[in-house]
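Engineer: structure for this input, please:
(one chain, ligands or ions: 1)
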Amino acid sequence: MQAIVDTLNSALNKNLQDGRGITRADFPDGFVFGTGTSSYQVEGATTEGGRGIGVWDDLTLRTPNKVADGSNGIIACDVYHRYKEDIRLMKQMGFDSYRFSISWPRILPGMTPFVTLFHWDLPNCLQLEYGGMLSDQVVNDFVEFAELCFKEFGDRVKFWTTLNEPWTYTVMLYTPGDDFAPNDPTSNDSTNVQSSSQGGQRNLPSHRLPKKVRQFASTNQTINDNVFPGKIDLATDAYTVGRNLLLCHSAAVQSYRTKFQMYQNGQIGIVLNSSYHYPFDSNSQDDQDASKRAIDFMLGWFLEPVLYGQYPESMLQYAKGNIVPFSEDEQKGLAGSVDWVGLNYYTSDFVTYEKSPPDCFAMVVDSSTGLYDHLQYLQNKYKQDMPPLYITENGVADQNDPSLTAKEACVDETRVQYYQEHLAYLLKAILELAFDVRGFFAWSYCDNFEWTSGYTSRFGIIYIDYINGLTRYMKNSALWFANFLRGSATTSSALEKRQVEKDSERASKKRKAT
Ligand code: BGC
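Structural biologist: Residues are numbered from 1 along each chain as shown. Now for the predicted structure:
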């Protein structure tokens, strides 16, 4: 106990609130630091090695207008061919682990592999054959894919993730108001984002913008979509897809636990995402209730089934008639179906209660305190039921600016500051709340294909020079991580660094003007 108190005091003395001064040495022994990518976003080589066609090939090639810059992942960052160079760079920076996904349409891997089975690249033939995740037929196919991976790679892979962000796949593909989806049913944008009071909205990719998550629960509208076969029923589709994803997860976990885990000795979990939802007016009971419901409809939707085998009470109540509760057998399969849980955390927002349409929310804030508050909320709500947690994604994007040289674009002080602050609040949660967090993965290792934002959005700590042979350069954030992971704290002030950024912006404007 005294040791924890000493560590806490020493960390607090290091200006914990803004992260300056902390290093990996402040985190508990064995804490994992990694970076992440996903197959379609970085691999390229989409026609090599017998790979099949995925839904993202179809979307980007058949309807390039759905991607901001009309791009696709055919070449992406060519990680398929250059992974050795990339692993070397990760080692050079001092990371312990690499979070990546196995391309389901491709059927792949020293770092500790943290492997995702489903990071949204469903084989297109399954989408065409039975509507993909809209049909429970997908469960057997997913288990077959998962078993092949366990069998082939389970001797080396000790951390399996069944699904990445089922919420995003579900809500962004099967509710109105977003153009994220291959089969987005409508272009009618129902978001009602108010401007943020704290720093404004960053250049968030479209699927990171807040949505009126509750609205689709009460609509009965049916829209036919001729892009993909399958039923498009706005009142129920998202719940059906979310349900099938959970059943895929539970079936894959059951298979791993009964056939592989005892001799492969790995762990299996799920990666969920959630912003922290603050009540807009903390004195309003309605806003307080709405913010809790918003967490249920984002995180609880998938977390409670894998913990307890059931949806959150608020979902069953508000989406009654549209959401199908789990059968007894399904509940048994789902309850406790995680050895660990991953949380992808980017931003927080404010929620306000609206009567019509009921219960909408808005406003994005960038907030490292949100990470701490979120963990505190989870700890209070789920207590000892909360399994060990990994922060499986955290990061911030820059808008691609073609007028910048690679060197200029590598001056990413906003990202350095973002990581400093988020790691500081994560450390605070570990030390003050004794939250069992076992690792942190920066998203992303390198700039990559950001889904429907294409290459317009750069999330990497490694810069990819798309027009000069995909050369990799370390951004300042990569150098910051290298120092941090080596145990040397960064001491230069974030403000001084931002000045460097401003100078470089001025230089680029000058170049454009001449
Ligand atoms: C996804 C990544 C994505 C990142 C940034 C997460 O939703 O898992 O694939 O690139 O956020 O938007």
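
Engineer: spatially central, which residue of this protein would that be?
Structural biologist: Nearest to the mean C-alpha position of the chain, counting by CA atoms, centre = their mean, stands Asn344 at 4.2 Å.

Engineer: distance of that residue from Leu389?
Structural biologist: 11 Å (CB to CB, to the nearest Å). The way it works is simple: take the backbone N, C-alpha and C, and place the C-beta from them, glycine included.

Engineer: any common contacting residues for the two?
Structural biologist: Contact criterion CB atoms under 8 Å, 6 or more residues apart in numbering; residues shared by Asn344 and Leu389: none found.

Engineer: hmm, back to that, correct me, but the residue nearest to the centre of the chain touches Trp443?
Structural biologist: Yes - Asn344 lies in contact with Trp443 (CB atoms under 8 Å); the separation is 7.3 Å.

Engineer: overlap in contacts of the two?
Structural biologist: Glu393, Asn394.

Engineer: what residues are up against Gln264?
Structural biologist: Phe150, Gly154, Asp155, Lys158.

Engineer: pLDDT, neighbour count and secondary structure added to these, as CSV?
Structural biologist: Compiled in CSV, the contacts of Gln264 are given as follows (pLDDT from 0 to 100; neighbours: other CB atoms under 10 Å; DSSP: H, G, I helix; E, B strand; the rest coil):
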residue, pLDDT, neighbour count, secondary structure
Phe150, 97, 22, helix
Gly154, 94, 20, coil
Asp155, 90, 13, coil
Lys158, 93, 15, coil
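
Engineer: re the thing from before, so what pLDDT did the residue nearest to the centre of the chain get?
Structural biologist: At Asn344, the model reports a pLDDT of 97.

Engineer: what pairs with it across the strands?
Structural biologist: On the basis of DSSP bridges, Asn344 is bridged to Asn273, Glu393.

Engineer: farthest-separated two in the contacts of Gln264?
Structural biologist: The span of these, defined through CB to CB, is set by Phe150 and Lys158 at 11.4 Å.

Engineer: pretty sure Thr452 is in contact with Gly70, am I right?
Structural biologist: No - Thr452 lies out of contact with Gly70 (CB under 8 Å); the separation is 10.9 Å.

Engineer: part of a helix, is Phe95?
Structural biologist: No - Phe95: not assigned to a helix; according to DSSP: H, G, I helix; E, B strand; the rest coil it is coil.

Engineer: got the residue ranges for the strands in the stretch 251-400 of the chain?
Structural biologist: 267-273, 276-279, 340-344, 348-351, 361-365, 389-393, 398-399 (DSSP state E, counting those that start in this stretch).

Engineer: which of those comes out lowest on mean pLDDT?
Structural biologist: strand 361-365 (a mean of 53).

Engineer: quick one on the thing from earlier: for Thr452 and Gly70, indicate the residue with more neighbours.
Structural biologist: Thr452 (23 against 12; other CB atoms under 10 Å).

Engineer: so which residues of the stretch 1-150 of the chain form helices?
Structural biologist: Remark: helices assigned in the stretch 1-150 of the chain by DSSP state H, counting those that start in this stretch are 2-13, 39-42, 55-62, 79-93, 124-130, 138-153.

Engineer: got the contact list for the residue nearest to the centre of the chain?
Structural biologist: Here Asn344 is in contact with Asn164, Glu165, Val271, Leu272, Asn273, Ser274, Ile391, Thr392, Glu393, Asn394, Trp443 (CB under 8 Å, 6+ apart).

Engineer: TSV for the residues you listed, including distance to Arg243 and neighbour count?
Structural biologist: Compiled in TSV, the contacts of Asn344 are given as follows (distance: CB to CB, whole Å; neighbours: other CB atoms under 10 Å):
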residue	distance to Arg243	neighbour count
Asn164	17	24
Glu165	16	25
Val271	18	27
Leu272	15	25
Asn273	18	21
Ser274	19	24
Ile391	27	24
Thr392	23	28
Glu393	24	24
Asn394	28	21
Trp443	27	23
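
Engineer: near the ligand too, which of the residues you listed?
Structural biologist: Asn164, Glu165, Glu393, Trp443 (CB under 6 Å from any ligand atom).

Engineer: is it true that the second one touches Val271?
Structural biologist: Yes - between Glu165 and Val271 there is a contact under CB under 8 Å: 6.3 Å.

Engineer: around the ligand, pick out the residues from the stretch 51-200 of the chain.
Structural biologist: Asn164, Glu165, Thr168.

Engineer: how far away is Ala290 from the ligand?
Structural biologist: Here the criterion is CB to the nearest ligand atom, to the nearest Å. By it, Ala290 lies 24 Å from the ligand.
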